[in-house]
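Novice: Got a predicted model here, sequence first, then my questions.
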Amino acid sequence: MRRTLGRFGPIALGRVRNGRVARVVAVAVAAIASGAGDARAGFGAPPPAEHDEGPAQRYGRLDREACEEELTARGVPFAPVEEARGVLAPVRLTGPLRGVSFHTGAPAAVRASSPWEIVDCRLALALDDFALLLSAHDVVDVLHYSIYRPPPAKWPADKIASRHLGALAIDAASFTKKDGSRLDVEHDFHGRVGADTCGAGATPIPATAEAIELRQIVCDAAQAKLFNVALTPDYNWAHRNHFHLEVTAGVKWSMVH
């Protein structure tokens with residue numbers, strides 16, 4: 001995986017402090033209301049200075065107790081999972097985050113015990129921030145392909161994993177709004193492998209309203225450093241139908257492509 005940061009454009013979205021994205025959301029709302037979604041204007045903003053810590057970096061340092069305490073303090077609906085191989089702090093989300101539900105397409109009865117619904121607490125914090133950003137777009141439901149993918153049977157019981165094996169990444173496929181309309185990554189993103197996702201030269205082809213809004217969502221999240229990694233259909237064919245959004249513990253870098 002390349003550790004290069006995608007280029008960001010000149011739209012100032014403000015700096016994220018204390019792991020919150022309120023300022024980002026406020027400016028995003030203003031941009032949408034003013035029609036500032038012209039693809040030619042670029043997406044995102046100059047990344048914070050290298051020494052400025054993003055939420056994902058802070059969350060990555062948390063142990064299970066501290067992380068669950070923060071989830072509780074925020075009022076996030078969750079239930080601890082006793083054990084999930086490779087996961088530091090496994091939990092299940094038991095309700096929406098700030099009015100936004102995150103789930104697979106399996107029936108509710110199946111989701112209650114499915115391993116693909118287990119999420120590391122640190123990613124849950126990032127998703128809680130992400131939900132605040134999504135609310136500016138009237139998103140109420142995020143369909144994902146998986147979060148946790150259990151490691152192979154030979155994986156050591158005491159070894160903490162990363163990415164999906166550690167329940168630290170979500171593959172978000174579509175975003176449904178209050179009015180029932182949906183932003184589908186595979187059909188609406190309109191990217192090209194190798195193209196820039198964010199920045200002055202980043203342009204979906206064709207530049208539909210849905211494509212522009214999907215760019216705004218992923219690039220605003222990247223600018224806010226809600227995730228260390230954000231991969232889109234511009235990255236490679238394997239990501240043609242989803243956004244891979246990941247918290248990576250123990251690193252200071254972030255990237256979007």
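Specialist: Received it, and whenever you're ready, just let me know what you need.

Novice: Tell me the residue in this protein that is farthest from the middle.
Specialist: Lys154 (29.5 Å; CA atoms, centre = their mean).

Novice: What pLDDT does the model give that one?
Specialist: pLDDT, Lys154: 90.

Novice: got it, and Ser113?
Specialist: 87.

Novice: low-confidence ranges in the chain?
Specialist: Across the chain, the ranges flagged by pLDDT under 70 are 1-51.

Novice: still on that earlier bit, hang on, the residue farthest from the centre of the chain is in a helix, isn't it?
Specialist: No - remark: Lys154 does not belong to a helix; assigned using DSSP: H, G, I helix; E, B strand; the rest coil, it is coil.

Novice: give me the number of residues near Ala224?
Specialist: Ala224 has 31 neighbours, counted by other CB atoms under 10 Å. All C-beta atoms are positioned from the backbone trio N, CA, C, and that covers glycine.

Novice: Show me the strands paired with the one helix or strand Val140 maps to, marking each as parallel or antiparallel.
Specialist: Element membership for Val140, per DSSP states H and E: strand 139-144. Strand pairing for strand 139-144, using DSSP bridges, gives strand 101-103 (parallel), strand 169-177 (antiparallel).

Novice: Quick one: list the elements packing against the following helix or strand past the longest one.
Specialist: This means strand 169-177. For strand 169-177, the following helix or strand on the C-terminal side (DSSP H and E) is strand 182-184. The contact analysis (3 or more CB pairs under 8 Å, 6 or more residues apart in numbering; DSSP states H and E) places strand 182-184 against strand 169-177, helix 209-223.

Novice: Return the set of buried residues in strand 182-184.
Specialist: Of the residues in strand 182-184, Leu183, Asp184 count as buried by neighbour count, 16 or more other CB atoms under 10 Å.

Novice: Helix or strand next in line after that strand, which one?
Specialist: Once the chain leaves strand 182-184, the next helix or strand it forms, by DSSP H and E, is helix 185-188.

Novice: Pull the distance from the strand holding Val140 to the chain's centre.
Specialist: 11 Å (CA atoms, centre = their mean, to the nearest Å).

Novice: Measure how it sits relative to helix 209-223, angle-wise.
Specialist: 80 degrees (axes from the mean of the first three to the mean of the last three CA atoms, to 10 degrees).
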